[in-house]
Each structure stands twice: as structure tokens, then as C-alpha cells.
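Q: I would like the atomic coordinates for the input below:
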Amino acid sequence: MQELEALNWLDNQPEQYMSAKITINRSCDGTESRGIIFAHPDRIKTLRLRGHLTLIDATHKTNWLGWLLYTIMVRDEHGCWVPGGHFLTKKEDGDIVVEALKVFKQWCGGYGGWRLRYMLTDDSAAEISAVRQAFKPFMDADLIVDHLLYIVHSERTLKRNFAGKKYAKVLHHIIVALKFRSNIHKYRDSIREAMKILERRKDHKKLNYLIKEWWDTSDTWVSYARRHSTILMQIKDTNPVEGWHSAIKYKATKSSIQQFSLKGIIQHVLTVAKEYDLRARKAAIDFRTRRDPIVTEEPWLADFPYPMQKLITQQMKLTNDMVEDNEELMSLEDENICTCSFYHRYQLPCRYIWANHLLYGCLKKEDYERWAYI
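A: Take a look at the predicted model:
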């Protein structure tokens, strides 16, 4: 009854929301699993255009029926994370998530509409399985979808499974492999050091866990596997989706949100999504029109979009702190390229580049042009 009420409400709105009900039998036990999918048509357009990299996550306790709320999020061309679509499910299982993702693919135009390349999730087995099934290559020329785990989730899982002083050295080697190794050879060296410690202790349970869950799946969770993409390097945590979930729950009290019906939570979600739309529109206006105050002193910064101006000025301030503290400089590669994580993430001048320029005047006009039009 609640499902019908919610769908009827969506069908009768002037915004012409897209909606669908899905029902499947779970592959694990044959029991029925149901869900409601909904999205604004404009957000589906954003998903189609900007869905190359997509985040998906679920949250609990948003309605009195206990249905989970899933949200798909993408980053628009102005750097704002916006919701692309939502679905509510009665049970947390991969089968219903697969069907929901297939519906979103159809709404995006069917084959070739949603050109997904990277999907980031937490370590939910249901989400991992669903992404693999929903985005199987249909033809040889299809994009292969890489499923990646949030680095922060991987770190939390490792700390949970290798907790205590007994595993401190093991955990150190694995975290170094996770966050700091720049290629597969260095990564494996660090993991081997952790495995050697476990072998000496004859801790076969932890050793087998490390081999099965981490050694064989490195492409999904380590930093080195993302160094080919600046966009992937920029996303290490779940802040976009966690911020969305917080906004959903912050806009209503804890007691009231858990009393929502399915229709009630859908209305609430769409209201909060409109606020995200307004924020995205403001970011689009600021992108090329707003100026950081330092532009008056550094007029060349005006060639950069406002978000880039903020990143560069932050690095310039860090440079001043480095020089005052006599911090050791990192040497630069040819063409004033740095090997630090900031430069890899944004391809913009970092504090080490500014420090070298401050001391040696190494930057030239072509360097500024390269960064401005990269």
C-alpha cells in the first residue's frame, strides 16, 4: 500500500519525476525483494553526462519500515557532487541493487547511455557483486567498469582486522602499501614484509586473510592503481555520500525521520536534492566569475577557475610556512613537475614548486600557461 502511495505521488508531480517499482526473487534463498526507484529527469541527464565516475552508498533509519535508502552521486563539471538518482529497498542484497542499476541504465538511454568507467563503493558485498553484474561488457568495444573501494574504508577494515600491539608492525607495512607505494612492485614489497612477520609467528589465519582479501585484489583498494587518473587520486574518502546522508538526517530530527513513510522519505529526499541543485548552480556561476582576493596581487591567477584559485593559494600559503620553518625542499623533475601527492591529484603548482620558485625563480611563462589550460 505504501509503495503504491509513493509511486502515485511521484507520478502526479509537475516535475515529472521518473519512477519505477522493482520486484525480484533473491538468488540466495528465493524470497521476494522489492524496491522503488526515483529520480528527477535533469539529474538523470547529469548522470548520463558525468557518470564516468560514480559513487553509490546506502543509509539506514530513514523510514519506519526500515527500508534502505541508496543514492547514486556524480561530480558535475564545476566540481560539485550532486545526487543522480535514488532507490529504496526492503532488503539489503545484491540482486535488488542489480535491478536498480539496470533501470538507471535504461533511463540514461539504454546501451551506451551511462558510460560508467569507475564505480566507488564501501566494502559492501552486495554493492560489489551488483556493480559486476549490472555492468558486464556487452561487446568487446565496451568500457570495462573498474570497481574501486574507498581508501578510507579499506584503512578502517585493516585497522579492525589487525588491531592491537601484536599486529602493529604488520599493520604498518600494509598501510604503507595502501597509501604511499607508487607502483605494484613497491606495494608487493611492503605486503611481503607483513606476510613474513605472520609466517614467522605461524599466524596462518591472518596470513590467509591477507593473501585472499588484500594481495589478490590490490587493484580495487591501493593508491598506486589510481595514479593514472587525477580524478581518482582526488577521491580518497566517502565525504560526498556521507555529507549527503548527513544532510538527509540533519534536515529532519532523528525521531521524525524514522517515522517517515515511503512517500514521506521520498518527499524529504527530493527536497534536500533541490538544495543541492541550488548549491550546484551557485558553484557554476562562481566557477568563472568569482575571484580569490589574492588575484589582485597575482593577476595570472585570473586565468584559473575559482576552485583552482583556492587550491593554488592554499599551496602558496604553505610555501611561506615552509620557508619560515626552513623545511627541506623536495627536488623537482624536468619541466617543473613535482612527485608529491598534491601535484599528482590536481596537476597544479604545489608548495614545493612555489618554494623552489621563491628561492631560485624556476617558473616561466609557459609553466603558468600549461597549468591554466591543462
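Q: Which parts of the chain are strands?
A: 18-25, 32-39, 53-59, 68-75, 81-89, 118-121, 146-149 (DSSP state E).
Q: Reformat those strands as CSV; add mean neighbour count.
A: Where C-beta positions appear, they are placed from N, C-alpha and C, glycine not excepted. CSV is the format used below for the strands of the chain (neighbours: other C-beta atoms under 10 Å):
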stretch, mean neighbour count
strand 18-25, 16
strand 32-39, 21
strand 53-59, 21
strand 68-75, 22
strand 81-89, 24
strand 118-121, 23
strand 146-149, 19
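Q: which one of those lies closest to residue 278?
A: Closest approach to residue 278 among the strands of the chain (C-beta to C-beta): strand 81-89, 10.7 Å.
Q: What pairs with the closest one, parallel or antiparallel?
A: The strands that strand 81-89 pairs with in its sheet are strand 32-39 (antiparallel), strand 68-75 (antiparallel) (by DSSP bridges).
Q: Convert the C-alpha atoms of the first one to CSV, please.
A: As requested, the backbone C-alpha atoms of strand 32-39 are provided in CSV (Å, rounded to 0.1, in the frame of the first residue of the first chain):
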residue,chain,number,x,y,z
GLU,A,32,10.9,-11.8,-2.7
SER,A,33,12.7,-8.4,-2.6
ARG,A,34,11.1,-5.1,-3.6
GLY,A,35,12.3,-1.6,-4.3
ILE,A,36,11.2,1.8,-5.5
ILE,A,37,13.5,3.8,-7.8
PHE,A,38,13.1,7.6,-8.4
ALA,A,39,15.0,10.5,-9.9
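Q: Next, the angle from it to strand 18-25.
A: Strand 32-39 and strand 18-25 are oriented at 170 degrees to each other (axes from the mean of the first three to the mean of the last three C-alpha atoms, to 10 degrees).
Q: Report the separation between the closest residue in space to residue 146 that isn't next to it in sequence and residue 77.
A: Once flanking residues are discounted, residue 146 sits nearest to residue 118: 5.2 Å by C-beta to C-beta, 6 or more residues apart in numbering. Using C-beta to C-beta, to the nearest Å, we find residue 118 at a distance of 17 Å from residue 77.
Q: repeat for residue 122
A: 26 Å.
Q: Show me which of the two is the more surrounded one.
A: In this view residue 122 and residue 77 are compared by other C-beta atoms under 10 Å, and residue 122 has more residues nearby, 19 against 12.
Q: Hmm, residue 9 and residue 36 touching each other?
A: No: the pair residue 36 / residue 9 is not scored as a contact, 10.9 Å apart, by C-beta atoms under 8 Å.
Q: now this structure, which segments are flagged as low pLDDT?
A: Within the chain, the ranges that satisfy pLDDT under 70 run 138-143, 254, 374.
Q: now with 50?
A: Scanning the chain for pLDDT under 50 picks out the ranges 140-141.
Q: tell me the contacts of residue 264?
A: Each residue near residue 264 by C-beta atoms under 8 Å, 6 or more residues apart in numbering is listed here: residue 63.
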